[in-house]
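Novice: Based on what follows, work out the 3D shape:
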Amino acid sequence: MGLLNIGSDNPTLRLNAYNLLYSLCVSFRFGISHQLINARAIDLCIPHNSVNFIVSTSEHLANSETHLTLEFLNECIVGFNRSSTETSRQMITLEYMVPWLKNLVFFTYSLNGKDASKVKDVIRSLITITAEKSEVYEHIQKNIWNTLKDIDELHNLVIDSLIQFSVESGIRSSQAEAIADTLVIMNCNAIRGKQTLIKHQSWHEIGCLVRFMLTISFYTEDIETPYVAEILHIISLVVSTGPTFIRSSVHELVVNFIHALVTNKNIRPENRKKLKYVLNDVCDGKYRVHFGLSKSYANAFTITEETMTDNVENMSLGSLEVIVRLLLDATNYAAPTIDAANTWHARWMSLVTNMAFRFNPALQPRAFVILGCLAQDEIDDDLLFQTFIVLRNELARFKETDP
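Specialist: Prediction:
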């Protein structure tokens, strides 16, 4: 309350807030009491835009009184919500919250688990004020999420909370889209690497993850990212599935992915030209059909009742082969070295092989088609043997009355 009201437009309230802050520091022996004086008997003039003083005071408190972090942040959020009609005070609140966010990591490994749960509650509250997209939405993104991006220890907790909130809000909701925007701010290798489908079986969660991947796929400076194979694997498993909204999202994820390859400065000129041809093919109408897209007006931002409900459960395996070969061409042209191309290919092959030999009626047929596209050179005898075993078991299980 003291820090918040020092930014008030009322000079008397600013002075009272300063004196309150002084009294608290003296009473509780905070480490910054020497930086303040009792101003009750003097005509101290505190300008209304004393942001530097407020933030500096907050930084010193965050460093010296770390144990107050959770309570302080919760009070900041309460004050932020109560100042909904005063955007200037909300902006100040966001700025003096930043030093305390870095302390959250100290509470994530408590033995009793209570502090970790409180950290999750704080993250959830931050997500809530973000999703409301108030007038200070851009400042929330800049101050809060740009700070949390650099705290690796919190990434798992943040990602899980973002996904949970998006699923609860609904994939077509403005709140879920605001959270997808937040991932753009937090875009880094550590975050991108957590965007996998392995741990998430719910379709709604998969949809939210696809949206996350789409928003962070537009721009990257590092073409040698270790996640190229994972991106290809995810695309090939979910392409042309679900409603138009998701099918368009996967298609535009492919477009963004190839766009990032084309615009990378390390691509050789002759390969850049080839990549542009691949990009044109992906955007061409006859190739959009392979992605399950027949509505020319629909894209990843077309949210209507129809685009959210016109589900496609199965895709042509022939279309899958076309898409996989396009992706293969793109990565072969984009690889900075032959070793990089071989590494991406080997990793993708490993992911697909692991999927192909696990019983999964929804994804196993796709996995074998992808495997067939990737295994164009020498085929290991054991791989061929395992393939025959799977086919034999499926034929034994097949019933004409239950195709």
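Novice: quick one, what contacts the residue lying closest to Thr331 once chain neighbours are set aside?
Specialist: Once flanking residues are discounted, Thr331 sits nearest to Trp344: 5.5 Å by C-beta to C-beta, 6 or more residues apart in numbering. C-beta: built from backbone N, CA, C; applies to glycine. Residues near Trp344 by C-beta atoms under 8 Å, 6 or more residues apart in numbering: 228-229, 232, 331, 335.
Novice: Okay, and Trp344 sits in which element?
Specialist: Taking DSSP states H and E as the criterion, Trp344 maps to helix 338-356.
Novice: Pull out the buried residues from that helix.
Specialist: Buried positions in helix 338-356, judged by neighbour count with 16 or more other C-beta atoms under 10 Å: 341, 343-345, 347-349, 351-353, 355-356.
Novice: What's the first helix or strand after it?
Specialist: Taking DSSP H and E, what comes next after helix 338-356 is helix 364-374.
Novice: ok, and the helix or strand in the chain with the lowest average confidence?
Specialist: Lowest on mean pLDDT, DSSP states H and E among the helices and strands of the chain sits helix 189-192, with a mean of 57.
Novice: What's the mean pLDDT across the helix or strand just after it?
Specialist: For helix 189-192, the succeeding helix or strand toward the C-terminus, using DSSP H and E, is helix 203-216. The pLDDT scores in helix 203-216 average 86.
Novice: likewise stretch 161-178?
Specialist: Regarding stretch 161-178, the rounded mean pLDDT is 85.
Novice: Quick check: end-to-end length of it?
Specialist: From its first residue to its last, stretch 161-178 covers 14 Å (C-alpha to C-alpha, to the nearest Å).
Novice: How many neighbouring residues does Glu65 have?
Specialist: Other residues lying near Glu65 total 18 when counted by other C-beta atoms under 10 Å.
Novice: Please tell me how far Ser83 sits from His155.
Specialist: Going from Ser83 to His155 by C-beta to C-beta, to the nearest Å gives 30 Å.
Novice: typo on my end, Lys118
Specialist: Counting by C-beta to C-beta - Lys118 and His155 are separated by 18 Å.
Novice: Thr263 now?
Specialist: From Thr263 over to His155 the distance is 27 Å, taken as C-beta to C-beta.
Novice: more neighbours, the two?
Specialist: Legend: neighbour count by other C-beta under 10 Å for Thr263 and His155, higher for His155 (18 against 14).
Novice: Double-check that the more buried one belongs to a helix.
Specialist: Yes - counting by DSSP: H, G, I helix; E, B strand; the rest coil, His155 is part of a helix.
Novice: residues touching Asn146, list them.
Specialist: 185-186.
Novice: Let me fix that, I meant to ask about Met186.
Specialist: Contact analysis of Met186 by C-beta under 8 Å, 6+ apart lists 145-146, 148-149, 158.
Novice: burial of Leu154, as a residue count?
Specialist: Other residues within reach of Leu154, judged by other C-beta under 10 Å, total 20.
Novice: That one reaches Val105, doesn't it?
Specialist: Yes - in this structure, Leu154 is within contact of Val105 by C-beta atoms under 8 Å, at 6.2 Å.
Novice: what's the closest of the contacts of Trp344 to Asn280?
Specialist: Closest to Asn280 out of the contacts of Trp344 is Thr331 (17.0 Å), distances taken as C-beta to C-beta.
Novice: Quickly note the distance from that closest one to Phe368.
Specialist: Using C-beta to C-beta, Thr331 is found at 20 Å from Phe368.
Novice: So for the two, which residue has more residues nearby?
Specialist: Neighbour totals were compared for Thr331 and Phe368, and Thr331 leads with 23 against 18 (other C-beta under 10 Å).
Novice: what does the model give the more buried one for pLDDT?
Specialist: At Thr331, the model reports a pLDDT of 91.
Novice: Now do the helices in the stretch 101-250 of the chain.
Specialist: In the stretch 101-250 of the chain, the helices defined using DSSP state H, counting those that start in this stretch lie at 114-131, 137-140, 146-148, 155-169, 174-185, 189-192, 203-216, 228-238, 244-262.
Novice: mind putting those helices in TSV, distance to Phe388 included?
Specialist: Shown next, in TSV, are the helices of the stretch 101-250 of the chain (distance: least, C-beta to C-beta, whole Å):
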stretch	distance to Phe388
helix 114-131	49
helix 137-140	56
helix 146-148	50
helix 155-169	39
helix 174-185	43
helix 189-192	37
helix 203-216	31
helix 228-238	23
helix 244-262	32
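Novice: need the contact list for the closest residue to Leu101 other than its chain neighbours.
Specialist: Spatial nearest neighbour of Leu101, excluding adjacent residues (C-beta to C-beta, 6+ apart): Thr147 at 4.9 Å. Residues counted as contacts of Thr147 (C-beta under 8 Å, 6+ apart) are 98, 101-102.
Novice: Can you check the residues you listed and name whichever has the most neighbours?
Specialist: For the contacts of Thr147, neighbours tallied by other C-beta under 10 Å; top is Leu101, 23 neighbours.
Novice: Give me the buried positions along stretch 288-308.
Specialist: So for stretch 288-308, counting by 16+ other C-beta under 10 Å, buried means 288, 290-293, 298-300, 303, 307-308.
Novice: Then stretch 117-137?
Specialist: Result for stretch 117-137 [16+ other C-beta under 10 Å]: buried residues 118-120, 122-123, 125-127, 129-131, 136.
Novice: In TSV, list these along with distance to Ile267 and pLDDT.
Specialist: Below are the buried residues of stretch 117-137 laid out as TSV (distance: C-beta to C-beta, whole Å; pLDDT from 0 to 100):
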residue	distance to Ile267	pLDDT
Lys118	47	90
Val119	42	91
Lys120	42	92
Val122	43	94
Ile123	39	94
Ser125	44	94
Leu126	39	94
Ile127	37	94
Ile129	41	92
Thr130	36	91
Ala131	38	90
Val136	40	89
